[in-house]
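Participant: Sequence and predicted model, in that order:
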Amino acid sequence: MRDEPLVARILEAVVKAVDIPVTLKIRTGWCAESNNGLTIARLAEASGIQALAVHGRHRQQRYNGQAEYDTIAEIKSRLSIPVFANGDIDSPQKAHDVLRYTQADAVMIGRAAQGNPWIFQQISHYLEHGHELAPPALSERGHVLSEHLGALHEFYGATMGPRIARKHLGWYLDTDKRFDAAQIRELKRQFNALTSPSAQLEWIHKAMADDANERLFAKGSHAA
């Protein structure tokens, strides 16, 4: 984003090279002193980009601080292509508020979907009906989690699959309201000690049971 002419050349080259619509995601700028998101957005539209997502932080912020939506609102007001708002949208209410403030055409969800794939359905329901959808049943959480980790095992193999599954299981636990912080730390410790796909799937079966607290935190219990 620091080299605006280069951005234009890259976008024009990509658009000309393919027969499908090209979309782009940007930040508000490189740093606080060069908040040139609007300029880049205009270059994108002129280059033939068909839709633009804007993260409400500049590059040097990474994921620190709070996302701001003023720049997104300004970009939306100046462009004719669809604009998607992104950054810190972690609930149906927040999605509603950001859409109303920025007038964006849609929201893009990132980190809030980690461990909570239901957030997309929850947002859609809230925007359509004006009230929050009931959280997923325990059986549904267990089914989705088992399918997710099973797919990781199949794709990455019996060695890397269980290793990669650990961070995903951690995200699911962080969104599970049945457990407090100390219990989540213990559950992560148990799961991270498991090295085989079958052991991980069996552990998930226990964790998603109605009596999970008793089964996983019984005195003297330990990871297999």
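Facilitator: In hand now; what should we look at? Numbers count the residues shown, from 1 in each chain.
Participant: going forward, measure contacts between C-alpha atoms and count neighbours the same way
Facilitator: Fine.
Participant: okay, and for the protein, where does confidence drop off?
Facilitator: 210-224 (pLDDT under 70).
Participant: Against which helices or strands is the top helix by length along it packed?
Facilitator: When the chain is parsed with DSSP state H, its longest helix is helix 138-174. Applying 3 or more C-alpha pairs under 8 Å, 6 or more residues apart in numbering; DSSP states H and E, one finds that helix 138-174 contacts helix 181-192, helix 197-207.
Participant: So which of those is the most surrounded?
Facilitator: Between those, helix 197-207 has the highest mean count of neighbours, a mean of 18, where neighbours are mean count of other C-alpha atoms under 10 Å.
Participant: what ranges do the helices span in the protein?
Facilitator: Counting by DSSP H, one finds helices in the chain at the ranges 4-17, 37-47, 70-78, 92-102, 119-129, 138-174, 181-192, 197-207, 212-216.
Participant: what comes into contact with the fifth one?
Facilitator: Under the criterion C-alpha atoms under 8 Å, 6 or more residues apart in numbering, residues 91-93, 95-96, 109, 112-113, 131-133 lie in contact with helix 119-129.
Participant: Let's see that with 7 Å instead.
Facilitator: Residues outside helix 119-129 that contact it (C-alpha atoms under 7 Å, 6 or more residues apart in numbering) are 92, 95-96, 113, 132-133.
Participant: Alpha carbons only: can I get that helix in PDB?
Facilitator: In PDB, the C-alpha atoms belonging to helix 119-129 read as follows (Å, rounded to 0.1, in the frame of the first residue of the first chain):
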ATOM      1  CA  ILE A 119     -21.500 -17.300  13.700                       C
ATOM      2  CA  PHE A 120     -22.400 -16.900  10.100                       C
ATOM      3  CA  GLN A 121     -25.800 -18.500  10.600                       C
ATOM      4  CA  GLN A 122     -26.200 -16.500  13.800                       C
ATOM      5  CA  ILE A 123     -25.500 -13.200  12.100                       C
ATOM      6  CA  SER A 124     -27.900 -13.900   9.200                       C
ATOM      7  CA  HIS A 125     -30.600 -14.900  11.600                       C
ATOM      8  CA  TYR A 126     -30.200 -11.700  13.600                       C
ATOM      9  CA  LEU A 127     -30.200  -9.400  10.600                       C
ATOM     10  CA  GLU A 128     -33.300 -11.100   9.200                       C
ATOM     11  CA  HIS A 129     -35.300 -11.500  12.400                       C
END
